[in-house]
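In: predicted structure and sequence below. I'll ask about it afterward.
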Amino acid sequence: MVRKVGGILAAGSVAMALGGCAEEPVEAIGPCVYPELTRAAVATVGVPGPADLPFGEALIRYSRGLASVHAGGEHTDAQLRRSVLRLAVILERMPAGADEPRLRGAARSMRAAMEPEEPSIETTRRALAVAATALLELADRAYREVPDAASLSRDFAGAVTAIDVGSDDQAGVINALLRAERALAAMYAANVLPPR
């Protein structure tokens, strides 16, 4: 399903793919960076496979949730929990998910870890570490030809490792979730953008 993409993909390539606009350069993905992603209808560019649409829809939902998360806010813990659960949904809906039992297993492990209404930072970090491991392995196998996929997956893993479990490190969790979004955006773009 993944086609070789020449050059390095911009982290915001998913916005072009989902928004249907490839003429203008876009800024990096992140909360409130470009509102069109949070309002985008799934309209892909290129010739995506049928499994790319649920992947794109789950990625949009994840991005919308991240756009509303602010460390120290009244409902931040609940929003972070929902974001981790949305990340689990993305792992299941990735086109590789049908052929990768590890992705489905990672999603199940993440859900189990996030069952408590208020999981600890340590539990949240463990759930994110499961996702980071799954994405690193996937980037190495299925996205080997996409340079951004591996480096952005490593950034995600590094951000997970940097979460301080000795404190209520909501900012560290948000940083890790944003880096996961960038890695997933590169993978999505590699699936749906036409080769250059």
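Out: It's in. Numbering: from 1, shown residues only.
In: going forward, measure contacts between C-alpha atoms and count neighbours the same way
Out: Noted.
In: okay, helices next: where are they in the protein?
Out: 13-19, 35-39, 52-67, 76-93, 101-113, 121-141, 147-161, 170-192 (DSSP state H).
In: can you put the ones you listed in TSV and add mean pLDDT?
Out: TSV is the format used below for the helices of the chain (pLDDT from 0 to 100):
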stretch	mean pLDDT
helix 13-19	40
helix 35-39	42
helix 52-67	90
helix 76-93	94
helix 101-113	92
helix 121-141	95
helix 147-161	94
helix 170-192	93
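In: adding mean neighbour count, write these out as CSV.
Out: Formatted as CSV, the helices of the chain follow (neighbours: other C-alpha atoms under 10 Å):
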stretch, mean neighbour count
helix 13-19, 25
helix 35-39, 17
helix 52-67, 21
helix 76-93, 22
helix 101-113, 20
helix 121-141, 21
helix 147-161, 22
helix 170-192, 24
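In: quick one: pLDDT of His75?
Out: His75 carries a pLDDT value of 84.
In: now for it: which residues touch it?
Out: The contact partners of His75, by C-alpha atoms under 8 Å, 6 or more residues apart in numbering, come to none.
In: ok, now how distant is the residue nearest the centre of the chain from Ala58?
Out: For the chain, the residue nearest the mean C-alpha position is Glu181 (3.2 Å; C-alpha atoms, centre = their mean). As for Glu181, its distance to Ala58 is 11 Å (criterion: C-alpha to C-alpha, to the nearest Å).
In: now swap in Thr76 and tell me
Out: Applying C-alpha to C-alpha, the value for Thr76 to Ala58 is 20 Å.
In: can you check Glu145 too?
Out: Taken as C-alpha to C-alpha, the span from Glu145 to Ala58 is 24 Å.
In: next, count neighbours for the nearest residue in space to Asp169 that is not next to it in sequence.
Out: Nearest non-adjacent residue to Asp169, counting by C-alpha to C-alpha, 6 or more residues apart in numbering: Ile163, 6.4 Å away. Neighbour count for Ile163, taken as other C-alpha atoms under 10 Å: 22.
In: before we move on, what about Glu145?
Out: 17.
In: the residue nearest to Asp169 against Arg125, yeah?
Out: Yes - Ile163 is within contact range of Arg125, at 6.9 Å (criterion: C-alpha atoms under 8 Å).
In: return every residue with contacts to both of these two.
Out: The contact sets of Ile163 and Arg125 overlap at Val173 (C-alpha under 8 Å, 6+ apart).
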